[in-house]
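> here's a sequence, model it:
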Amino acid sequence: MVIPSSKSPPLYEHLFNPIEAQKILGLPLSNHATPDKLYWPHTASGTFSVRSAYHLQICSEYISNAQQSRTTVDSTIWRFIWGLNTPPKIRHFLWRACTESLPTRKNLYWWHIPIDPLCSECSQSEEDALHALWGCQVAVNLWAKNTSFQSLQGSSFTSFTDLLVRVSNTMDEKFQLIFAVQAWLLWFRRNKGRVENIWDSVDSIVTRATIIIQDHLSHHARSPCSPAHSAPASVIPPQVGTWKVNFDGAMFQTSLTSGVGVVVPDHRGYALAALSQKFPIPHVPVVIEAMAARVAVQLALDLKLDRVSFEGDSTQVITALQSSESNYSSYGHLVAETQNKTLSLLSFTFEHVRHSANSVAHVFVQAALPLTSLPSSSSSYD
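Numbering: from 1, shown residues only. Model (predicted):
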């Protein structure tokens, strides 16, 4: 199965269920016969490493544990967390606490780190998120300083998420912010104590929380300024006698398709030729970028261009095309085929450009257009 045209959708839809058929159609096939090979999908190069296998194992356990925690959480708590008017790091901290993915002593022990899971401050319970931020005596003393939280201290909670749900349902925004910031400072205090052996007082947490909240609210209460825009990357037309070919690829999840766009500007900045082509959606975005590079080189050959600079905005693909080493990734055969095509050119380079400098090629990704020669009076490439 090496000829793309042989992938007949009706045949595949008849033999496989829709999900399987979509995955098969998304396989990035070479236009030429290539030998089968095994690759390791968890490294950019496709080559196995012990480090990547260890990382995969740790991540799998991490995700499994986090998913188990999320199954009992209503989506409203996530909207509550991400809607809090706090610095982003505090919202992210609350999310990690709710998914039980903070590096607490209990989690470190569960991740096979040789450490005592008991709380290092009170030694009364295993240190999970709920204990570190609510149940430990240090946390109890902190929350007791505010009468609004004293009413919750008589309640029993099964997890930090359970506690946060109660806070979101029973307290106004002011105390929600206080809870979020003080919880973050409690965790910061714990980490600082472990690393520097310096333990901040509970009173300092209350003071710092007030300062953080006031500073954040005053900053966001200012009249909105005009959003800062980075200067667009300048597009430099090719010199006379040379050619530039810009290419781009994109995936469209709603239609389960992907597309590539290629544009060839002349030395005045006008589009000499352009094309757009649709493909079934691949399993990873980098594949469609590699396919776009292959289409770009083929277009240059069809136009009989001889001195060409190919420009794309995918660092991963450009780096692979610039390398002389074998690529064992899922798109390595596309890289090899593209490099082989360039042997017919007199001279060529592959250059990485910012996305803003590749916007015209991206426009042609949006629709399937045939190869088109555009007159010099067409809109400027700039």
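
> so who does G261 touch?
For G261, the contact set (Cβ atoms under 8 Å, 6 or more residues apart in numbering) comprises 247-250, 274-276, 292, 361-366. For the C-beta atoms, the positions are set from N, CA and C on the backbone; glycine is no exception.

> and which of those is nearest G26?
G26 lies nearest to G249 out of these, by Cβ to Cβ, at 13.0 Å.

> need the phi and psi values for that closest one.
For G249, the backbone dihedrals (degrees, to the nearest 10) come out as phi -140, psi 150.

> now swap in the one 5 residues further on and tell me
When quoted as degrees, to the nearest 10, the phi and psi of T254 stand at phi -70, psi -40.

> list only those of the contacts of G261 flagged as buried.
For those, a neighbour count by 16 or more other Cβ atoms under 10 Å gives the buried set as F247, D248, G249, A250, A274, L275, S276, A292, A361, H362, F364, V365.

> contacting residues around the helix or strand harbouring L177?
Applying DSSP states H and E as the criterion places L177 in helix 173-196. Residues external to helix 173-196 that are found in contact with it (Cβ under 8 Å, 6+ apart): 84-86, 89-91, 93-94, 97, 102, 120-121, 132-133, 138-139, 142-143, 146, 148-149, 164, 167-168, 171, 198-200, 205-206, 208-209, 212-213.

> the nearest residue to K23 once chain neighbours are set aside in helix, strand or coil?
Leaving aside its sequence neighbours, K23 sits nearest to H283 (Cβ to Cβ, 6 or more residues apart in numbering; 6.8 Å). At H283 the chain is in coil, as set by DSSP: H, G, I helix; E, B strand; the rest coil.

> H283 contacts G26, correct?
Yes. Counting by Cβ atoms under 8 Å, G26 is a contact partner of H283 at 5.8 Å.

> between those two, point out the one with more neighbours.
G26 (20 against 13; other Cβ atoms under 10 Å).

> ok, back up a step: pull out the buried positions in the helix holding L177.
For helix 173-196, the neighbour count (16+ other Cβ under 10 Å) marks 176-187, 189-190 as buried.

> could you dump those to a markdown table with distance to L108?
A markdown table is the format used below for the buried residues of helix 173-196 (distance: Cβ to Cβ, whole Å):
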| residue | distance to L108 |
| --- | --- |
| Q176 | 29 |
| L177 | 30 |
| I178 | 29 |
| F179 | 25 |
| A180 | 24 |
| V181 | 25 |
| Q182 | 24 |
| A183 | 20 |
| W184 | 20 |
| L185 | 21 |
| L186 | 18 |
| W187 | 14 |
| R189 | 18 |
| R190 | 13 |
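
> between the residues you listed, which sits nearest T242?
Taking those together and measuring to T242 by Cβ to Cβ, the closest member is W184, at 55.6 Å.

> and the helices in the stretch 101-250 of the chain?
105-110, 129-130, 137-143, 147-150, 160-170, 173-196, 202-221 (DSSP state H, counting those that start in this stretch).

> and the nearest residue to W82 once chain neighbours are set aside, backbone torsions?
The spatially closest residue to W82, leaving aside those adjacent along the chain, is R91, at 5.9 Å (Cβ to Cβ, 6+ apart). Main-chain dihedrals, R91, degrees, to the nearest 10: phi -60, psi -40.
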